[in-house]
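Chemist: my questions concern the predicted model and sequence given below.
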Amino acid sequence: MDKDKFFIVTTIPASLNFFKGQCSLLNQYFEVSIISSQRKKLELFGLSEGVKTHFISMKRPISLFYDLISLCQFVFLFLRERPKVVHGNTPKASLLSMLAAKMTGVSVRIYMCHGLRYQGSCGFMRKLLMSMERLSCLCATEVLCVSEGVRKTLIEDKICSSSKCKVILHGSANGIDLNLFDPDKVDISGLRAQIGIPNTDFVFLFVGRIVKDKGINELVGAFNRLSKKYTNISLLLVGAEEKNLNPISEEASFIMKQNPKIFAVGRKEDVKPYMLLSDAFVLPSYREGFGMVLIEAGALGKPCITTDIIGCNEIILPNENGVIIPSKDEEALYRAMENFLLHPEEVQCMADKARPLIASRYDQKMVWEALLNEYKRIMGE
């Protein structure tokens, strides 16, 4: 008996990491194909997962001419292949794939909402992005949200009806591989010395894009003040600085270069050693869809400081596996970081609870099984 065709779509192949490992599992039950741009990277991911690939060029920024060409390519592909399921992810790919799937009569159209891009915009652009989001939801037969906060906001902003959107378990698109993020299996020998961090320092860590919306201005400012009061602390920044899109302030950039206790090591393929090296993880972001990096840090037993925003305030339970502070509040961040320094026993207690709590809510095997059951239910199997 032939398996139903199940198409997973993202704008760029890097976003397919949301489904790393999961594609192989789904391929046991469906005929899975992945669709994205950047042909070589797409084909490499397809080979690693053992699934088919279809290349469609897509532009991440709004571009009416190129978007129309991409839409036509989706329509032709769906008419030729006749998939049973189209699973759209990321804003541009979701809009184009949901619209094309609706136009070509695909019976199961799943839009997985990983975040709300319009929340970081204002004026006409905000209205345009909200309209795009609304159209994606309208064309979908079901909307899966990666967090309860995303679902609640979609409903409150009248983007999607409550009957259509849902969250699976506690959220997440792929869960966390607890075997991969096992502190006993990560080697950090010599890493402190290699970076230049003193062995006696308490290390605060940030992993992500070095941009304004991640709260880097507040983080650098708060740490700079702390480092003048406490000499035995370091701030480790892992991620690429983006100077053209949403750059940090000139002041923050200057402090990063001048403060000898701030270590910016750039983007790293494997962030686990840096997480394990640290004493506390800090994510003072302005907006997230979910905050996967908090789960990764928690799985490695690290207590977290994060902001009261969508997704993050569901992963971190106050005084259980971390603390939550207001967004864009440097003073609150300063106090939280100082409290971590002054109350090591409380920090250790949160560290001890971090991995068990993440395991109970986001274990990858559990998430995969729940998602598979949901897909089977939608397809009437």
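Modeler: Nice, I can see it.

Chemist: all strands for the stretch 1-150 of the chain, in order.
Modeler: Applying DSSP state E, counting those that start in this stretch to the stretch 1-150 of the chain gives strands spanning 5-9, 31-36, 52-55, 85-89, 108-113, 142-145.

Chemist: which of the ones you listed sits most buried?
Modeler: strand 85-89 (a mean of 27; mean count of other Cβ atoms under 10 Å). Backbone N, C-alpha and C define where each C-beta goes, glycine included.

Chemist: that one vs strand 5-9, what angle?
Modeler: 10 degrees (axes from the mean of the first three to the mean of the last three Cα atoms, to 10 degrees).

Chemist: and the contacts of strand 85-89?
Modeler: Identification of contacts with strand 85-89 by Cβ atoms under 8 Å, 6 or more residues apart in numbering yields 4-10, 15, 18, 30, 78, 94-98, 100-101, 106, 108-112, 114, 136, 140, 173, 375, 378-379.

Chemist: check the gap between residue 341 and residue 231 for me.
Modeler: 11 Å (Cβ to Cβ, to the nearest Å).

Chemist: between these two, which has more neighbouring residues?
Modeler: Between residue 341 and residue 231, counted using other Cβ atoms under 10 Å, residue 341 has the larger neighbour count: 17 against 10.

Chemist: that one and residue 202 touch, don't they?
Modeler: Yes: taking Cβ atoms under 8 Å as the definition, residue 341 is a contact partner of residue 202 at 5.9 Å.

Chemist: touching both of these two, which residues are there?
Modeler: Jointly contacting residue 341 and residue 202 under the rule Cβ under 8 Å, 6+ apart are residue 233.

Chemist: export the strands of the stretch 1-150 of the chain to CSV and tack on distance to residue 258 and mean pLDDT?
Modeler: What follows is the strands of the stretch 1-150 of the chain, written out as CSV (distance: least, Cβ to Cβ, whole Å; pLDDT from 0 to 100):
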stretch, distance to residue 258, mean pLDDT
strand 5-9, 45, 98
strand 31-36, 41, 98
strand 52-55, 46, 97
strand 85-89, 40, 97
strand 108-113, 41, 97
strand 142-145, 42, 97
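
Chemist: in CSV, list the ones you listed along with distance to residue 294.
Modeler: What follows is those, written out as CSV (distance: least, Cβ to Cβ, whole Å):
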stretch, distance to residue 294
strand 5-9, 24
strand 31-36, 26
strand 52-55, 31
strand 85-89, 20
strand 108-113, 19
strand 142-145, 17
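
Chemist: out of the ones you listed, flag the one nearest residue 43.
Modeler: strand 52-55 (5.5 Å; Cβ to Cβ).

Chemist: what residues does that closest one touch?
Modeler: 7, 31-37, 39, 42-43, 45-46, 77, 81.

Chemist: which members of the residues you listed are the farthest-apart pair?
Modeler: The widest separation within the contacts of strand 52-55, taken as Cβ to Cβ, falls between 31 and 37 and amounts to 21.8 Å.

Chemist: how many residues are close by the closest residue to residue 69 other than its chain neighbours?
Modeler: Distances taken as Cβ to Cβ, 6 or more residues apart in numbering put residue 57 closest to residue 69, at 7.7 Å, once the chain neighbours are dropped. Counted with other Cβ under 10 Å, residues neighbouring residue 57 total 12.

Chemist: could you count how many residues lie near residue 136?
Modeler: 25.

Chemist: and if you look at residue 258?
Modeler: Neighbours of residue 258 using other Cβ under 10 Å come to 9.

Chemist: can you start the count at 879 instead of 1 from here on
Modeler: Sure, I'll start counting at 879 from here, so that last one is residue 1136.

Chemist: what's the pLDDT at it?
Modeler: On pLDDT, residue 1136 comes in at 97.

Chemist: distance of it relative to residue 1081?
Modeler: 19 Å.

Chemist: kindly report the same for residue 1177.
Modeler: In terms of Cβ to Cβ, residue 1177 sits 18 Å off from residue 1081.

Chemist: of the contacts of strand 930-933, closest to residue 1069?
Modeler: Nearest to residue 1069 out of the contacts of strand 930-933 is residue 923 (Cβ to Cβ; 28.6 Å).

Chemist: the closest one contacts residue 894, correct?
Modeler: Yes: with contact defined as Cβ under 8 Å, residue 923 counts as touching residue 894 (5.1 Å).

Chemist: overlap of the contact sets of the two?
Modeler: With Cβ under 8 Å, 6+ apart as the test, residue 923 and residue 894 both reach 912, 914.
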